[in-house]
Structure formats: C-alpha cells, structure tokens
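>>> how does the following fold in three dimensions:
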Amino acid sequence: MNKKWYNSRGALICFHILAWLFLFSLPALFHRENDQPRVNWKGMTSFRSLIFDIFFISLFYLNSFLLIPRLLNRKKMGAYILIIIFLFLGVLIVLPQLPSETGQRCFHRESFFLLFPYLFIWAMSTAYRFFSDQVKTEQLLKERENENLKTELSFLRSQVSPHFLFNVLNNMVAMARLKSDLLEPSLIRLSGLMRYMLYESDEAKVPLSREVEYVLSYIELQKIRYAKSLTIHTDMDPGGNELIEPMLLIPFIENAFKHGTGIIQDPVIEISLKYTDGLLDFRVRNKFVSGNEEIKDRVAGIGLANVIRRLNLLYDQKHMISIDQANGWFTVSLQIKLHAT
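Residues are numbered from 1 along each chain as shown. The predicted structure is shown next:
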C-alpha cells in the first residue's frame, strides 16, 4: 500500500516547522506601538526571544519523545512531575541572566507570567504524544486485522480446492469403473483446472475472463460425466480485465450439480453471467427435490457457507446475494461491483 504524501516524514517535519513559526510569530504580529499595530521584528529576533523559542521547542520534544514514554507511560508519575517542575524552575533561574532589549539583566516581572506559555507548551506536547500513540495503536490494530483477514481468506480458499477435487475425483472413479472413453479427455480438462487452482488462484485477484474460463472448463467436465442425462443451459459473458477473487463462483455451480442431479426427474441447470457497467450479475438455477438436500449436505456442505463468508470479507458493501427455493427450483442470484484494472 502506497503511503499518502501527508503521512510521510518530510511532510510531518514541514508541518512542525510551519507550526512553530506561526506560534512564535504571534506576539510580534499582535504587537502595538503608540496604539497602532506594528510587527515587532526586533523583539521577535532578539537573543532573549530566540533562547525562549529554543527552550519551548526543546520542552515540547523532550516531553513528547522522552519523558512521557520513559516515565509517564511506565507509571513513574512522581519522577515525571518532579522533572517538569525542575525544568520550569530552571527557566526562572536562567531568565534573570538573559539581557533584555535594554541590555540590562534583571528579574523581570514577565518571569511570573512564564508559567502560562510553559503550561501551554507542556499541554500541547502531552496531547500530541497521546494523539500520536492513539494513531499508531489504531494502525497496528488495522494491520493486525488485515493480517487476520488474509489468514482467514487463505484458510477459506484452501478449503475450496480439496472439496472441489474430492467431488471431481469421485467422477473420475465412476468413469474408470465404466471404462468410459471419456476418462482421458476428462483427465486432460481436470489437469487444466488444477493448473489454475495451484498456480493462478494464489493471486489476490484474477481477471474475470480467466475465472469465466475456469468455470466453463468445470461445466464441460460435468457435461462429460452426465452426458444426456442432464440438461445444462449456459450464458456466460467472457468478461475482460475486471478483477475478481479467484474460485469465488465455482461453489455455486458445484452446489447446483450436487443438488440438481440424482433422483430428480428431467434435471436442468441454468447458469448465466453478465458484466455491465462495473456490475457482475451471476445466476445459477437448478431443479431440486425437497428432502434430498440434507443427505447431500452431510457429505459436502462447506461450499456455500465458505463462499458467503468470503463474499462478506472481500465485498462487504459491494455485493448482494439472494438464495431462494420455490416451485421446485433452487436459485442463487449474486451481484458484485467490480473494478477494471
């Protein structure tokens, strides 16, 4: 992830410099002479003013980067308060030794009013440190959450491959027992599917066209298995450079073949995919017999729950899914907002 320019170290340093210049120029900008506003450049650049500016800058960063982390954050409240008091007393001792604009060294009454800017700088430094710590904590939590998300997605994706292979290999076994001539082309197509699963599905996103190609290969493999005993209608948009999570659509199709075949009379499966103006519209329909689903779900029921979880993690506010069972049809409708590369 590219870091934003305003979060860079250079931008932060520039911000601090501008903030200090603005803060220390305020007394000079609001200076009045003979009841007329006039910028007091001489007072702003005097030796006395520069010494105080350096002290307050040092106080800010000393408190923010040393005293708070080493003392206050470690519950050493007494030592922290003593150092803050000693620093203020040190300024009161050094102040009379500094020459004023008249060149005299004396204990000016402004020493009594030094407490207010001192407390202001201390408060700003403390607030800055606490705010910085809070931002860092939130960033760490976000990074940890992202890592946990990646781990969970990797686990969910790893579940798909064995589950899918288990079903396809069962099909291969059935063909081998029947000594079917279709076994060899089925194995060739299966090797293509496995190549995609092993070498391409590790990517965070893949082109939609490649995912569609994978889905069509799976459908052709199932056509070889069921031959004329199953009617399959497909209407698939090949897609383009739009990116999608790999192996996201196949569980819905696999579920249709799982529950839309067997004891069902005249089984039919309809699969369509359209992509228009950034919106992917994916639909799968299959005939089903009530009461047959529970038996099959006990054998391999992780598919739909898996993919719905992945949708919620990856496309939280960018997808809509509906699953309906009515009039002997099981229908899945999925819409996802995708972005082109």
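>>> and the protein, what are its domain boundaries?
8-141, 180-337 (automatic domain parsing).
>>> pick the most deeply packed of those domains.
domain 180-337 (a mean of 16; mean count of other CB atoms under 10 Å). C-beta: built from backbone N, CA, C; applies to glycine.
>>> give me the distance between Gln317 and Ile336.
Separation of Gln317 from Ile336 (CB to CB, to the nearest Å): 11 Å.
>>> what strand or helix carries Asp281?
strand 279-287 (DSSP states H and E).
>>> gap between that strand and the chain center?
Distance, stretch centre to chain centre, for strand 279-287: 28 Å (CA atoms, centre = their mean, to the nearest Å).
>>> contacts for that strand next, please.
Strand 279-287 has contacts (CB atoms under 8 Å, 6 or more residues apart in numbering) with 208, 242, 244, 249, 252-253, 255-257, 259-260, 264, 266-275, 328-338.
>>> what about the residues you listed, which are in strands?
Those of the contacts of strand 279-287 mapping onto strands are 244, 268-275, 329-337, per DSSP state E.
>>> same question for the strand holding Asp281, mean pLDDT?
If you average the pLDDT over strand 279-287, you get 93.
>>> so the closest residue in space to Gly328 that isn't next to it in sequence bridges to which residues?
Closest residue to Gly328 apart from its sequence neighbours, by CB to CB, 6 or more residues apart in numbering: Lys287 at 5.8 Å. For Lys287, the beta-bridge partners are Trp329 (DSSP bridges).
>>> all further residue positions should be reported with the first residue as 11.
Noted, 11 is the first residue going forward, which turns the last one into Lys297.
>>> how near is Lys297 to Asp245?
18 Å.
>>> now swap in Lys85 and tell me
Lys85 sits 68 Å away from Asp245, going by CB to CB.
>>> Arg320 now?
Using CB to CB, Arg320 is found at 24 Å from Asp245.
>>> same question for Ser219.
For Ser219, the distance to Asp245 equals 16 Å [CB to CB].
>>> repeat that for Leu197.
From Leu197 across to Asp245, the span is 28 Å (CB to CB).
>>> how about Asn180?
Going from Asn180 to Asp245 by CB to CB gives 28 Å.
>>> tell me where the chain has helices.
19-39, 51-54, 57-72, 78-80, 87-104, 125-188, 193-205, 218-236, 260-269, 303-309, 312-324 (DSSP state H).
>>> let's have these in JSON lines, adding mean pLDDT.
Conversion of those to JSON lines gives the following (pLDDT from 0 to 100):
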{"stretch": "helix 19-39", "mean pLDDT": "79"}
{"stretch": "helix 51-54", "mean pLDDT": "52"}
{"stretch": "helix 57-72", "mean pLDDT": "84"}
{"stretch": "helix 78-80", "mean pLDDT": "91"}
{"stretch": "helix 87-104", "mean pLDDT": "87"}
{"stretch": "helix 125-188", "mean pLDDT": "76"}
{"stretch": "helix 193-205", "mean pLDDT": "81"}
{"stretch": "helix 218-236", "mean pLDDT": "85"}
{"stretch": "helix 260-269", "mean pLDDT": "85"}
{"stretch": "helix 303-309", "mean pLDDT": "45"}
{"stretch": "helix 312-324", "mean pLDDT": "77"}
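>>> with distance to Arg293 added, can I get those helices in JSON lines?
Listed next are the helices of the chain as JSON lines, based on distance: least, CB to CB, whole Å:
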{"stretch": "helix 19-39", "distance to Arg293": "49"}
{"stretch": "helix 51-54", "distance to Arg293": "72"}
{"stretch": "helix 57-72", "distance to Arg293": "61"}
{"stretch": "helix 78-80", "distance to Arg293": "58"}
{"stretch": "helix 87-104", "distance to Arg293": "65"}
{"stretch": "helix 125-188", "distance to Arg293": "20"}
{"stretch": "helix 193-205", "distance to Arg293": "22"}
{"stretch": "helix 218-236", "distance to Arg293": "13"}
{"stretch": "helix 260-269", "distance to Arg293": "9"}
{"stretch": "helix 303-309", "distance to Arg293": "19"}
{"stretch": "helix 312-324", "distance to Arg293": "15"}
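>>> now Gly249: phi and psi?
Backbone torsions for Gly249, taken as degrees, to the nearest 10, come to phi 70, psi -170.
>>> Met257 too?
Dihedral angles (degrees, to the nearest 10) for Met257: phi 60, psi 30.
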